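*Asks:* Have a look; sequence and predicted model below, questions after that.
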Amino acid sequence: MPTAQPTYSVDQLAVAATPLVDAGRGGELTQLLQQFGVQALTQLPPERYGEFATALRGLGAKI
């Protein structure tokens, strides 16, 4: 049975990243953004949102 990939919005990604920043892990988030070739979440191309969400989960984010 085929399943569709979940889609995310930039707002969902920002909400998921906020607890990481609040926990003092902003540096890790900055490094993750740099790995994706951007300096801010708003610069992330929409086609990479799913990949970024997976990476956020790897840091412990709930999304």
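*Replies:* Noted; the coordinates are in hand. Numbers count the residues shown, from 1 in each chain.
*Asks:* From residue 44, how far out is residue 50?
*Replies:* 11 Å (CB to CB, to the nearest Å). (C-beta placed from N, C-alpha, C; glycine too.)
*Asks:* Show me which of the two is the more surrounded one.
*Replies:* Neighbour count, other CB atoms under 10 Å: between residue 50 and residue 44, residue 44 has more, with 18 against 14.
*Asks:* just checking, that one touches residue 36?
*Replies:* Yes - with contacts counted by CB atoms under 8 Å, residue 44 reaches residue 36, the gap being 6.0 Å.
*Asks:* between these two, what contacts are shared?
*Replies:* Here residue 44 and residue 36 have residue 52 as joint contacts, going by CB atoms under 8 Å, 6 or more residues apart in numbering.
*Asks:* would you list every one of the helices in the protein?
*Replies:* 10-22, 26-35, 49-58 (DSSP state H).
*Asks:* Alpha carbons of the last one, as CSV, please.
*Replies:* C-alpha atoms of helix 49-58 as CSV (Å, rounded to 0.1, in the frame of the first residue of the first chain):
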residue,chain,number,x,y,z
TYR,A,49,11.3,20.8,4.4
GLY,A,50,10.8,17.0,4.8
GLU,A,51,14.5,16.4,4.9
PHE,A,52,14.9,19.2,7.4
ALA,A,53,12.1,17.8,9.6
THR,A,54,13.8,14.4,9.6
ALA,A,55,17.1,16.1,10.7
LEU,A,56,15.2,18.0,13.4
ARG,A,57,13.8,14.7,14.7
GLY,A,58,17.4,13.5,14.9
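*Asks:* which other helices and strands contact that helix?
*Replies:* helix 10-22, helix 26-35 (3 or more CB pairs under 8 Å, 6 or more residues apart in numbering; DSSP states H and E).
*Asks:* wait, what's in contact with residue 52?
*Replies:* Residue 52 neighbours (CB under 8 Å, 6+ apart): 8, 13, 32, 36, 44.
*Asks:* Residue 38: neighbouring residues, count only.
*Replies:* Considering only other CB under 10 Å, residue 38 is surrounded by 15 other residues.
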